[in-house]
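In: The following block contains a protein sequence and its predicted model.
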Amino acid sequence: MEEHANPLNIPELLEHCMGFLRDLAPDLKASALVSHSWASAAQPHLFREVAFGSSKMERRWPRLDTILNTSPHLIRHIHRLYITCNIQSPPSIEMFAAICNFPFTRLSHVSVSQEATLSLPTAIAMQELLSLPTLTHVKIECHFTQPSIFRQIWDRCSPSVMHLDLSCTQAAINSILNHDIPVVSSVRLESLQTATIGIRTNRGGWTQTICPLNISGLKVLSIGPHKEIIRWQRMLPALGTLLALNLYIVDIVDLSLFPTLVLLRVFVSSTALQTALDIFSTIAPSSCIRKIVIMRSIFLASDVYQQLDSGLSDLPISYPLTVELEMDNEDYNHVIQFFPRLSSRNLLRRTDVDLHWFENFSVRSLSL
């Protein structure tokens with residue numbers, strides 16, 4: 001039967017139905033074999049994300065390269081690229097460079113994880129990838145010994161890059177501890193996430209940031225346990241522009257330093273409860289914070305919940321502050337009894353655990 005004779009052969013309907021299969025690759029592949037119209041509806045989901053691990057890169061990339069060169073219309077469907085280079089079985093630099101130099105047309109998200117020490121050929125290969133004009137989100141995990149090599153990655157970085165997830169460390173080499181990397185001023189970041197970023201000293205501290213992009217106008221900042229980044233000279237202008245802050249509570253952070261902050265996300269452990277309460281106490285009456293999210297909060301004891309309820313209820317702010325707990329419905333229905341003050345004022349909410357919060361977050365989602 002001709003495809004157009006089928007009354008259900010409506011492109012919009014097919015696209016909507018395929019959306020429910022977007023995370024089910026086997027079903028999408030089977031659907032793509034049904035007919036031309038089904039293939040056209042399945043292909044955007046099949047090719048939206050492309051991931052390569054070291055062990056399969058040598059086999060998978062040549063196959064994909066052949067498919068894309070034979071059917072170039074598929075290239076536009078690739079929006080996200082994930083490359084993982086394991087130290088046990090690293091890919092050849094030729095293979096890595098071939099992927100980085102491919103002419104992606106709509107790539108918006110790139111993630112590169114490099115377990116081995118960053119080499120100059122690898123950094124140069126990444127230049128081409130990061131120069132794509134459609135790129136907005138970049139995630140890089142690497143270890144390096146020479147700042148000049150790390151600097152090579154960003155030499156041609158596209159001004160379209162706005163969101164950076166950076167976890168990079170440099171060996172403690174005393175001769176370069178005080179040499180910061182020049183800033184690429186044409187790239188102004190909107191959001192920055194750092195697990196570890198900087199130069200590890202022999203005394204265990206972290207020196208000035210090695211992030212070479214402009215961070216003076218940040219809107220979103222997510223930091224790990226190393227809070228020194230807040231005190232870095234280059235970070236000072238951003239303290240007055242941040243709208244969202246994500247913290248893993250280890251030591252005191254003065255929230256009065258963030259006059260424009262609207263959203264605060266915190267990871268609180270039982271051992272860091274008093275530190276968390278001390279941090280909350282720094283919220284000034286004039287603070288703009290409207291929401292506090294307690295991340296992955298299902299592992300806390302009942303007395304911890306009760307003290308959080310008391311501490312957050314007593315904040316000296318002149319407007320209602322919403323508190324959200326990351327947990328499922330069953331756990332939330334159990335712990336809500338330990339938040340009598342917040343729940344009686346209808347200020348307590350539940351939210352799903354979001355391990356990809358930084359990648360999916362948009363400043364536009366905030367009610368300013």
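Out: Nice, I can see it. Numbering: from 1, shown residues only.

In: Mind listing the residues bridging to the spatially closest residue to Val220 that is not a sequence neighbour?
Out: Distances taken as C-beta to C-beta, 6 or more residues apart in numbering put Ser191 closest to Val220, at 3.5 Å, once the chain neighbours are dropped. Glycine gets a C-beta too; all of them are placed from N, C-alpha and C. For Ser191, the beta-bridge partners are His163, Val220 (DSSP bridges).

In: do you know how far Ser191 is from Gln114?
Out: The spacing between Ser191 and Gln114, counted by C-beta to C-beta, to the nearest Å, is 22 Å.

In: What segments of the stretch 251-368 of the chain are helices?
Out: Assignment of helices within the stretch 251-368 of the chain using DSSP state H, counting those that start in this stretch yields the ranges 273-280, 302-313, 329-335, 340-344, 357-360.

In: Format those helices as JSON lines; extra columns: mean pLDDT.
Out: Below are those laid out as JSON lines (pLDDT from 0 to 100):
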{"stretch": "helix 273-280", "mean pLDDT": "90"}
{"stretch": "helix 302-313", "mean pLDDT": "92"}
{"stretch": "helix 329-335", "mean pLDDT": "91"}
{"stretch": "helix 340-344", "mean pLDDT": "94"}
{"stretch": "helix 357-360", "mean pLDDT": "84"}
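
In: quick one, what contacts Ala25?
Out: By C-beta atoms under 8 Å, 6 or more residues apart in numbering, the contact list for Ala25 reads Leu46.

In: Okay, the nearest residue to Ala284 once chain neighbours are set aside and Ala272: tell me how far apart.
Out: The shortest distance from Ala284 to any non-neighbouring residue, by C-beta to C-beta, 6+ apart, is to Ser256 (4.7 Å). Note on Ser256: its distance to Ala272, by C-beta to C-beta, is 20 Å.

In: Who has more neighbours out of the two?
Out: Ala272 (18 against 12; other C-beta atoms under 10 Å).

In: mind checking pLDDT for that one?
Out: Ala272 is assigned a pLDDT of 84 by the prediction.

In: ok, it - contacts?
Out: Contact analysis of Ala272 by C-beta under 8 Å, 6+ apart lists 249-250.

In: again, but for the one 5 residues further on
Out: With C-beta under 8 Å, 6+ apart as the criterion, the residues that contact Leu277 are 307-308, 311.

In: Of those, which is the most crowded?
Out: Result: Leu308 is most packed of these (other C-beta under 10 Å), 24 neighbours.

In: Next up, the contacts around that one.
Out: 268, 273, 276-277, 294, 300, 339.

In: Please check those and keep the buried ones.
Out: 268, 273, 276-277, 294, 300, 339 (16 or more other C-beta atoms under 10 Å).

In: Could I get the full set of strands for the stretch 1-150 of the chain?
Out: If DSSP state E, counting those that start in this stretch is used as the criterion, the strands of the stretch 1-150 of the chain fall at 49-53, 80-85, 109-117, 137-144.

In: so how far is Trp357 from Ser365?
Out: Counting by C-beta to C-beta - Ser365 and Trp357 are separated by 11 Å.

In: swap that for Lys291, sorry
Out: According to C-beta to C-beta, Lys291 stands 13 Å off from Trp357.
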